[in-house]
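Asker: Here's a sequence, model it:
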Amino acid sequence: MIVDTHMHVWRYPEHFDKAAMLANEPERRRGWSDEKFKAMWDSPIERYFEESAGVVDKAIMLTLRSNGTFGVTNPNEYMAGLKRQYPERLEWACNVDPLQPDAIDELERCVKELGAIAVGELGPAYQGFYFNDPKIYPFFEKAQELEVPIVVHAGPAQSKNLRMKYGDVLRVDDVAIDFPRLKIVICHMGYYKYDDAIHLCQKHDNVFMDCSWLTQLAGLDRMVTPKYLPVVKNPYFHLLYPLMRYWAEAWGATDKLLWGSDWTGTHPKTAVETLLNLNVLLKEQGFNEVPQKLLNDIVHENWKKVYPQLAKKE
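Answerer: From the prediction side, this is the model:
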């Protein structure tokens, strides 16, 4: 079974803070009509099903809370409703601000009443907190008790209004040590702090990564790249390097990298095909090939380490 462990669904304008969204847009777009922004941003689940048909068996919808920075916040009730509508095709992770007084109650409600199987995508940079802030340790304690993983965009992000100091991948280290039974998944292999994320993943039994979004960053997927930008197909910096670096530091653990598309950031079919055929790219770039089993396992098997309850439903 292929599980897309990292994808997003949001509706425009319902889930958007338009002022924050506009702040991140180039000047030429700020006068656009709502119809044009809707065409660009609106991402209904039905479109995902169309674009992932024949590739993805089940998807885990990640939420985001980024009002004031990226400008998108997904309501938990909306995500839970999609899960009820498509119970065999979808799972979801809840959207909780761990600094809020009701964070623990909301987490418990989402897991026990609404059926969330994870928390995330938490965004320290998007939300303005340090991942290892002792104030949010009770939240991590509850997540550990509930046995739900934390999916975290631990590294930097692009939004103009966020503060980069919060996007420090190394702060995962403290949380991994202090909560050894809490599974933590670092999104995008820690983009662009790949080395730090890879080291943490190999240092800690409870830290994992996903390789979502990297296909687009490497210039191999034009799905969301503006048509007026040049095509820069250079898979080394944001795909081959992080993957080869991960395998070079594997220390015997090659099963801690999960596949995700980061839809709408990358087309699911393109992302899967690129990864499964990675040896073609490696050969083109003059690098040694890797065992095909490593690539197959990223797509088909490794998610079971983080979401064993889904494996039981296969």
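
Asker: got the contact list for the closest residue to residue 80 other than its chain neighbours?
Answerer: For residue 80, the nearest residue in space outside its immediate sequence neighbours is residue 114; the separation is 4.0 Å by C-beta to C-beta, 6 or more residues apart in numbering. For glycine as for every other residue, the C-beta is placed from the backbone atoms N, C-alpha and C. Contacts here follow C-beta atoms under 8 Å, 6 or more residues apart in numbering; on that basis residue 114 touches 76-77, 80, 83, 94.

Asker: can you list those in CSV and add secondary structure?
Answerer: CSV is the format used below for the contacts of residue 114 (DSSP: H, G, I helix; E, B strand; the rest coil):
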residue, secondary structure
76, helix
77, helix
80, helix
83, helix
94, strand
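
Asker: and those residues as JSON lines, adding pLDDT, neighbour count and distance to residue 190?
Answerer: JSON lines is the format used below for those (pLDDT from 0 to 100; neighbours: other C-beta atoms under 10 Å; distance: C-beta to C-beta, whole Å):
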{"residue": "76", "pLDDT": "97", "neighbour count": "20", "distance to residue 190": "26"}
{"residue": "77", "pLDDT": "97", "neighbour count": "9", "distance to residue 190": "31"}
{"residue": "80", "pLDDT": "98", "neighbour count": "18", "distance to residue 190": "29"}
{"residue": "83", "pLDDT": "98", "neighbour count": "17", "distance to residue 190": "28"}
{"residue": "94", "pLDDT": "98", "neighbour count": "23", "distance to residue 190": "22"}
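
Asker: what would those look like in CSV with distance to residue 183?
Answerer: Supplementary listing: the contacts of residue 114 in CSV, determined by distance: C-beta to C-beta, whole Å:
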residue, distance to residue 183
76, 20
77, 25
80, 21
83, 20
94, 15
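
Asker: Just say helix, strand or coil for residue 170.
Answerer: Per three-state DSSP, the local secondary structure of residue 170 is helix.

Asker: Excluding chain neighbours, what is closest to it?
Answerer: In this structure, residue 170 finds its nearest non-sequential neighbour in residue 196, 5.4 Å apart by C-beta to C-beta, 6+ apart.

Asker: Give the buried residues for the helix or strand where the one you found lies.
Answerer: Taking DSSP states H and E as the definition, residue 196 sits inside helix 194-203. Of the residues in helix 194-203, those scored as buried under the neighbour-count criterion (16 or more other C-beta atoms under 10 Å) are 194-202.

Asker: And for stretch 142-153?
Answerer: Of all the residues in stretch 142-153, those buried under the rule 16+ other C-beta under 10 Å are 142-144, 148-153.

Asker: hmm, back to that, elements contacting the helix holding residue 196?
Answerer: Packing contacts for helix 194-203, counted by 3 or more C-beta pairs under 8 Å, 6 or more residues apart in numbering; DSSP states H and E, involve helix 172-178, strand 184-186, strand 207-210, helix 241-248.

Asker: Many thanks, we can stop here.
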